[in-house]
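S.K.: Predicted model follows, preceded by the sequence.
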Amino acid sequence: MIPLSYYVVVSTLMFVIGLVGVLVRRNFLIILYSIELMLNAANINLVAFSHYLSSMVGQVLSLFVITIAAGEAAIGLAIIVVLFRKRATTNVDELNVLKW
Amino acid sequence: MQSPVPLNALLAILPEIILCVSACALFVMEPFIPKEKRDIMAYFSLVALTLSGLSLILLCGKNISAFNGMIVVDQYALVFKTLLLGASILTILISFQYIKIERIHLGEYYGLILFATIGMMLLPAATDLLSIYLSLELMSMSFYILAAFMRKDAKSIEAGIKYFLAGIFTSGLILYGIAFLYGITGTTHLGAIRATLASQSAPSILANPILFFALVLLITGFGFKIAAVPFHMWAPDVYEGAPTPVTALLSVGSKLATFSAMLRVFVFGLVVNANDWQQLLWVIAALTMTLGNVAALVQTNFKRLLAYSSIAHAGYLLMGLLAKSESGMAAVITHAVAYLFMTLGAFTMIILVCKEGSRGDQISDLKGLGQVYPMVGIAFILFALSLIGIPPTAGFVGKLLLFGAAIDGQFYWLAVIGVLNSAISLYYYFKVATVMFMEDPPDDIRPSFSMPLKVGLLVMAVTTVAIGLYPEPLIRTAFSSIRVLF
């Protein structure tokens, strides 16, 4: 049987990759993917914990998370379409109308 | 035959069911309504919110735990639900004229506000990390769309994108924290988490690095939602870019709803590890108050100024939260009520001077408003006094209780920082008041009054003073409602 720590290491790696992606990459879509990575890192944790604790709660929670992630992707893509129509860019650094 | 969902569970979410049905109806009804009669949708949503508020009366005095303990409707939840419904009603009242000027008079506007309200109303009732996460998402997702609602306007799109990215990043952090908390305790129910943590021997979380990590993630996540420093960067931009009524609801509703969930999570669920989160929140509260007030000093845009002011108020509220005592919790609720009316009132001023082609959000746009319309000017003075915390206004009562709770909890320095910050805030609120009264109005001053807006403004001004003069009932309600947290 694979020890729990293996799963936690994989999920931590995914979470860190996602976190670095959000902070470093400037393309809206890549940032969206990176955040999906973070959510899925949490999912791996939830399912692994759920298995090792013999409790179903974690798996139920991860199903809800998958649904939420789909909703977020839909809203994110809708907003980016609106932006692209207006500015023809998906680079978040070019969003600089608002600042003091 | 036994029904799969017990009836009292349905009763517990009756207010939300009413709103959900009405919101769906609003999404569908718009094409069937002639353009000049679109106000019907606003009245329809007001009726829905009022009905939902009336159905709260059915729940009074009960203590229903529904859906396997996912949500609990107790007095604490009811107080916040009433408060948040009030915020939504006032928001719709003040947006009548505005959404016509900005040409966003659509059924989706009201529908999304109702959906955001459902999320906000479920948050104080949620007693499971799963239901907290889901209600937080429902609320935030509606706000992502609402922030970008003026889809032809570059500022609004930018606000939507910034809020969206900050929001889903936050939800990733909160979720990762929830996953670890679940791994440590084996449950997501707050009551069970509290019991499990109490039975574990380690007194400090620092002994258990994973628990500390989960705690930091949760604080970061909630900190983003309430715009606490250093997680506040999105707030001024989003507040400035979003449509003004949406900004008002965002700064009041989403902040207070998140606070109601934070009280449940930290003061009820994680009380065993209070020492650790108190230290973290101490630093955050001090930074939030100071940066919010200092940055507000230099703003020329009134919406941005109010954004920083609302950041500062998150700091004051955090002070009550980290005092962790009964008086601290009651202070948070009292100040939440005060914050609701005075902040919405201040945003109403921006909506008043907005006109075609100008958002009216510069401080100079308010020139002479108080001279020409003294009643509006007096209302603003009341809101400003309340925001600073000067009697006889609601803000004074709230701040008095907050500082009192901080001193009772022996957070002397925090109380000192809070008082100094209140003094700083005097300057920038009165800078605006001076512009309103001392400078000459432009020739074409024509505020966009409408009957609902006048009603809303009157309600806000009267309540602000009424609570200031006679706060006992509110304080008593606050004290009796927070018993469930201990």
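M.R.: Thanks, I have it.
S.K.: shaky segments in the chain?
M.R.: Using chain A here. A:99-100 (pLDDT under 70).
S.K.: Sorry, I should have been clearer: chain B.
M.R.: In the predicted model of chain B, residues B:1-5, B:201-207 satisfy pLDDT under 70.
S.K.: Do you have the strands of the chain handy? List them.
M.R.: Picked chain A for this. Using DSSP state E, no strands are assigned anywhere in chain A.
S.K.: my question was about chain B
M.R.: Assigned by DSSP E, the strands in chain B fall at B:64-66, B:71-73.
S.K.: so which of those gets nearest B:Gly328?
M.R.: Nearest of these to B:Gly328, taken as C-beta to C-beta: strand B:71-73 at 21.2 Å. Placement of C-beta: from N, CA and C, glycine included.
S.K.: to the chain's geometric centre, what's the distance from that closest one?
M.R.: Relative to the centre of its chain, strand B:71-73 is centred 20 Å away, using C-alpha atoms, centre = their mean, to the nearest Å.
S.K.: list the contacts for B:Tyr133?
M.R.: A:Leu61, A:Phe64, A:Ile68, B:Ser171, B:Ile174, B:Leu175, B:Ile178 (C-beta atoms under 8 Å, 6 or more residues apart in numbering or on different chains).
S.K.: how about a cut-off of 10 Å?
M.R.: By C-beta atoms under 10 Å, 6 or more residues apart in numbering or on different chains, the contact set of B:Tyr133 is A:Leu61, A:Phe64, A:Val65, A:Ile68, B:Ala126, B:Ser171, B:Ile174, B:Leu175, B:Ile178, B:Thr188, B:Gly221, B:Ala261.
S.K.: go on, B:Leu263?
M.R.: With C-beta under 10 Å, 6+ apart, B:Leu263 has these contacts: B:76, B:80, B:124, B:269, B:317, B:320-321, B:324, B:328-329, B:332-333, B:482, B:485.
S.K.: That one and B:Leu190, how far apart?
M.R.: 11 Å (C-beta to C-beta, to the nearest Å).
S.K.: Which of the contacts of B:Leu263 sits closest to chain A?
M.R.: B:Gly269 (15.1 Å; C-beta to the nearest C-beta).
S.K.: The closest residue in space to B:Leu414 that isn't next to it in sequence: neighbour count?
M.R.: Spatial nearest neighbour of B:Leu414, chain neighbours left out: B:Ala406 (5.2 Å); criterion: C-beta to C-beta, 6 or more residues apart in numbering or on different chains. Applying other C-beta atoms under 10 Å in any protein chain shown, we find 29 residues neighbouring B:Ala406.
S.K.: Verify the stated contact: B:Ala406 with B:Tyr316.
M.R.: Yes: the criterion here is C-beta atoms under 10 Å, and B:Ala406 meets it with B:Tyr316 at 9.4 Å.
S.K.: Please identify every residue contacting each of those two.
M.R.: B:Ala285, B:Ala331, B:Gly418.
S.K.: burial of the residue lying closest to A:Asn27 once chain neighbours are set aside, as a residue count?
M.R.: Distances taken as C-beta to C-beta, 6+ apart place A:Thr90 nearest to A:Asn27, at 5.7 Å, with adjacent residues excluded. Applying other C-beta under 10 Å, we find 18 residues neighbouring A:Thr90.
S.K.: One more: B:Phe115?
M.R.: Residues contacting B:Phe115 under the criterion other C-beta under 10 Å number 24.
S.K.: Now do the contacts for it.
M.R.: B:Phe115 neighbours (C-beta under 10 Å, 6+ apart): B:19-20, B:23-24, B:26-27, B:108, B:138-139, B:141-143, B:145-146.
S.K.: What about residue 71, how many residues nearby?
M.R.: No chain was given, so I picked chain A. By the measure other C-beta under 10 Å, the count of residues near A:Gly71 is 12.
S.K.: nope, chain B
M.R.: Per other C-beta under 10 Å, the neighbour tally for B:Ile71 reads 24.
S.K.: Check whether it really touches B:His189, as I assumed.
M.R.: No: in this structure, B:Ile71 is not within contact of B:His189 by C-beta under 10 Å, at 11.3 Å.
S.K.: re the thing from before, tell me the most packed of the contacts of B:Tyr133, by neighbour count.
M.R.: Among the contacts of B:Tyr133, B:Leu175 has the most neighbours (other C-beta under 10 Å), with 28 neighbours.
S.K.: Look up how far B:Trp277 lies from that one.
M.R.: For B:Leu175, the distance to B:Trp277 - C-beta to C-beta - is 19 Å.
S.K.: The nearest residue to B:Ser422 once chain neighbours are set aside - how many residues pack around it?
M.R.: Spatial nearest neighbour of B:Ser422, excluding adjacent residues (C-beta to C-beta, 6+ apart): B:Gly389 at 5.0 Å. Neighbour count of B:Gly389, defined by other C-beta under 10 Å: 27.
S.K.: same check, this time on B:Gln279
M.R.: Neighbours around B:Gln279, by other C-beta under 10 Å: 12.
S.K.: got a list of what B:Ala323 touches?
M.R.: B:267, B:278, B:281, B:329, B:331-332, B:402-411, B:414-415.
S.K.: mind redoing it with 8 Å?
M.R.: B:Ala331, B:Ala405, B:Ala406, B:Asp408, B:Gly409, B:Phe411.
S.K.: Contacts only, for the fourth one.
M.R.: Right, the one you point to is B:Asp408. B:Asp408 is in contact with B:Ala323, B:Ser325, B:Ser327, B:Gly328, counting by C-beta under 8 Å, 6+ apart.
S.K.: Would you tell me which helix is longest in chain A?
M.R.: helix A:57-87 (DSSP state H).
S.K.: Give the other helices and strands that that one contacts.
M.R.: helix A:28-53, helix B:129-147, helix B:154-185 (3 or more C-beta pairs under 8 Å, 6 or more residues apart in numbering or on different chains; DSSP states H and E).
S.K.: What are the buried residues along the first one?
M.R.: Put plainly, it is helix A:28-53. In terms of neighbour count (16 or more other C-beta atoms under 10 Å in any protein chain shown), helix A:28-53 has its buried residues at A:28, A:31-32, A:34-50, A:53.
S.K.: Intersect the residues you listed with the contacts of chain B.
M.R.: For chain B, the contacts drawn from the buried residues of helix A:28-53 by C-beta under 8 Å from any C-beta of the partner chain are A:28, A:31-32, A:35, A:38-39, A:41-43, A:45-46, A:49, A:53.
S.K.: Go through the contacts of B:Leu263 and flag which are in helices.
M.R.: Short answer: those in helices (DSSP H) are B:Tyr76, B:Phe80, B:Leu317, B:Gly320, B:Leu321, B:Gly328, B:Met329, B:Val332, B:Ile333.
S.K.: now these in CSV, with distance to chain A and neighbour count?
M.R.: Shown next, in CSV, are those (distance: C-beta to the nearest C-beta, whole Å; neighbours: other C-beta atoms under 10 Å in any protein chain shown):
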residue, distance to chain A, neighbour count
B:Tyr76, 24, 24
B:Phe80, 23, 24
B:Leu317, 24, 26
B:Gly320, 29, 31
B:Leu321, 25, 23
B:Gly328, 31, 24
B:Met329, 28, 25
B:Val332, 28, 29
B:Ile333, 29, 28
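S.K.: Could you identify the buried members of the contacts of B:Phe115?
M.R.: Among those, those scoring as buried are B:19-20, B:23, B:26-27, B:108, B:138-139, B:141-143, B:145-146 (criterion: 16+ other C-beta under 10 Å).
S.K.: Tell me the one among those residues nearest to A:Thr12.
M.R.: Within the buried ones among the contacts of B:Phe115, the smallest distance to A:Thr12 is 27.3 Å, found for B:Met141 (C-beta to C-beta).
S.K.: list the buried ones in stretch B:357-371?
M.R.: Quick answer for stretch B:357-371 (16+ other C-beta under 10 Å): B:Arg359, B:Gly360, B:Asp361, B:Gln362, B:Ile363, B:Asp365, B:Leu366, B:Lys367, B:Gly368, B:Leu369, B:Gly370.
S.K.: what about it, start to end distance?
M.R.: 24 Å (C-alpha to C-alpha, to the nearest Å).
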